[in-house]
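**Student:** structure, please.
(one chain, ligands or ions: 1)
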Amino acid sequence: MDAEAIVKELRGTYGTGKTKSYEWRVSQLKALFKIAENHEKEITDALYSDLSKPELEAFIHEISMMKTACKLALKELKRWMKPEKVKTSLTSFPSSAEIVPEPLGVVLVISAWNYPFLLSLDPVIGAIAAGNAVVLKPSEIAPATSSVLAKLLGQYMDVSAIRVVEGAVPETTALLEQKWDKIFYTGNGKVGRIVLAAAAKHLTPVVLELGGKSPVVVDSNIDYKIAVRRIIAGKWGCNNGQACISPDYIITTKENVPKLLDAMKQELEKFYGKDPLKSGDLSRIVNANHFQRLSKLLDDNKVVDKVVHGGQRDENNLKISPTILLDVPEDSLIMKEEIFGPLLPIITVNKVEDSIQFINAREKPLAAYLFTSNKKLEEEFVMNISAGGLLINDTTLQVALSTLPFGGVGESGMGSCHGKFSFDSFSHKKAVLRRSFAGDVPARYPPYTTGKARF
Ligand code: NAD
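**Tutor:** This next block holds a predicted model:
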């Protein structure tokens, strides 16, 4: 792979103006849609090979969401591309003004392994819709999906402007040495810092879609069964907790714990049976490194006696059962780093209102969830919690709304994506002011005599 040559070629294509036309953008979005439509089985097989992702989960969370994003871009593209007329002022009278969205140029998308199909193509949809040439670098940790993406995009897309570069750190490093017009990175904050530093050399703007510890606050006046089902769906039902907006830990009061735990145990058994390690409805841990990482969190001396449900591991098959821990110390490993797996600690506080302070004392998460019927608490939560996104009385569903920006704040990232937000992330909003030769005000020009000073 010659990163420099690829960028040069794509820059050449971009320079012809080809990618800017509405027709080209539509043709490429349609081609992407066809990939998902014609190769569903190949894609779900790849996702199974990489993560043993259940077929229905793979379809709903990756293929279907990608198709929806494609359809939305095709439907809205004309509107998104249209210059927006804005008001003018007396200073420029007579004039007209507009904001013209223009593509940035040649952009780089670096993607992560946990939703390797969706997280690769969702930003590519935004980049194409906005009229850019794009290089996609899928994650090497999901090699089957990376290879399917390389093959299918090579077959279906205009390769003079859209390229897939497979590889790991050396390939990504070589790509990051090039000058890009935008870098869209999804992954952890440590690598996010590497991306940001590389981008700084060329003054390249970046979107960083990172993660964090997304809390779930559980109040007492709620329908426990529904709340628990929704927590399970967002945790273990999302790639067995290997999702950036999965609940990372629960905060509740001591009095709530017995009811909450009972409901969780009951529903977990209904969903995944008595031996969840054998369930076909749970993804496995992606690889041995991540299995070891999660095992380390569980084997930490500070939490070994805190497991109140689950805890089974099968190293050969990289499976960990849904595991709940109660009252883990704040300085335990599991409370210090993003879990990104099937472990769910419960923290107890004296009053549910104290959870706001608990969350605010930590880095800003990508998501924060609250289950309550108390409108006052809900309002306090919305006004006082800073997170990428908030969701009341459910988990993870915010990701499904293209009308909401998806992105982090602080340690959970910068910039946003989905729908028009993706289009905007890959566009420059160009200010255009148009004047005629009428309305030339002499006071604007020297000499600045007293009579001219104020008009
Ligand atoms: P990963 O290991 O797949 O890494 C992401 C990308 O970074 C890969 O393409 C990889 O090749 C590249 N990379 C890794 N090391 C690098 C280096 N030293 N230099 C240059 N490039 C390098 O994914 P990950 O980081 O394990 O992903 C999990 C993290 O991503 C979690 O923190 C999760 O919360 C976050 N995430 C965020 C979102 C979001 O949309 N905000 C989505 C998914 C995951």
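**Student:** what count of nearby residues applies to the closest residue to the ligand within the chain?
**Tutor:** Nearest to the ligand, among the residues of the chain, is residue 211, at 1.9 Å (Cβ to the nearest ligand atom). Glycine gets a C-beta too; all of them are placed from N, C-alpha and C. A count of nearby residues for residue 211, using other Cβ atoms under 10 Å, gives 29.
**Student:** leaving out chain neighbours, which residue sits closest to it?
**Tutor:** residue 244 (4.5 Å; Cβ to Cβ, 6 or more residues apart in numbering).
**Student:** the one you found against residue 187, yeah?
**Tutor:** No. The pair residue 244 / residue 187 is not scored as a contact, 9.3 Å apart, by Cβ atoms under 8 Å.
**Student:** next, show the common contact partners of these two.
**Tutor:** The contact sets of residue 244 and residue 187 overlap at 209-210 (Cβ atoms under 8 Å, 6 or more residues apart in numbering).
**Student:** for stretch 6-15, buried residues please.
**Tutor:** Buried residues in stretch 6-15, defined by neighbour count with 16 or more other Cβ atoms under 10 Å: 6-7, 9-10, 13-14.
**Student:** ok, residues contacting it?
**Tutor:** Outside stretch 6-15, the residues touching it (Cβ under 8 Å, 6+ apart) are 19, 103, 105-106, 132-135, 160-161, 163, 165, 178-180.
**Student:** number of nearby residues for the residue nearest to residue 211?
**Tutor:** Counted with other Cβ under 10 Å, residue 244 comes out at 31.
**Student:** check the one 3 residues further on too.
**Tutor:** Using other Cβ under 10 Å as the criterion, residue 247 is surrounded by 26 other residues.
**Student:** nearest spatial neighbour of it, skipping sequence neighbours?
**Tutor:** Leaving aside its chain neighbours, residue 247 sits nearest to residue 216 (4.4 Å; criterion: Cβ to Cβ, 6+ apart).
**Student:** next: residue 67.
**Tutor:** Residue nearest to residue 67 in three dimensions, not counting chain neighbours: residue 36, with 5.0 Å by Cβ to Cβ, 6+ apart.
**Student:** quick one: neighbours of that neighbour, just the number.
**Tutor:** 21.
**Student:** quick one: it and residue 43 touch, right?
**Tutor:** Yes. Counting by Cβ under 8 Å, residue 36 does reach residue 43; the two are 7.0 Å apart.
**Student:** so what's in contact with the two at the same time?
**Tutor:** Joint contacts of residue 36 and residue 43 (Cβ under 8 Å, 6+ apart) are residue 63.
**Student:** and the strands in the stretch 251-400 of the chain, which stretches?
**Tutor:** In the stretch 251-400 of the chain, the strands defined using DSSP state E, counting those that start in this stretch lie at 307-309, 313-314, 319-320, 323-326, 343-349, 367-371, 389-392.
**Student:** any idea which of these is most buried?
**Tutor:** strand 367-371 (a mean of 28; mean count of other Cβ atoms under 10 Å).
**Student:** alpha carbons only: can I get that one in PDB?
**Tutor:** Taking Å, rounded to 0.1, in the frame of the first residue of the first chain, the C-alpha atoms of strand 367-371 are listed here in PDB:
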ATOM      1  CA  ALA A 367     -24.300   8.600  26.800                       C
ATOM      2  CA  ALA A 368     -26.100   8.900  30.100                       C
ATOM      3  CA  TYR A 369     -29.400   7.100  30.900                       C
ATOM      4  CA  LEU A 370     -32.000   7.800  33.500                       C
ATOM      5  CA  PHE A 371     -35.000   5.600  34.400                       C
END
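**Student:** around the ligand, pick out the residues from the stretch 151-300 of the chain.
**Tutor:** Proximity of the stretch 151-300 of the chain to the ligand, by Cβ under 6 Å from any ligand atom, involves residues 168-169, 172-173, 186-188, 191, 194, 209-211, 244.
**Student:** can you tell me which of the residues you listed are in helices?
**Tutor:** If you go by DSSP state H, those have 169, 172-173, 191, 194 in helices.
**Student:** OK, contacts around the residue lying closest to residue 294 once chain neighbours are set aside?
**Tutor:** Of all residues not flanking residue 294 in the chain, residue 341 sits nearest, at 4.4 Å (Cβ to Cβ, 6+ apart). By Cβ under 8 Å, 6+ apart, the contact list for residue 341 reads 240-242, 285, 290, 293-294, 297, 320.
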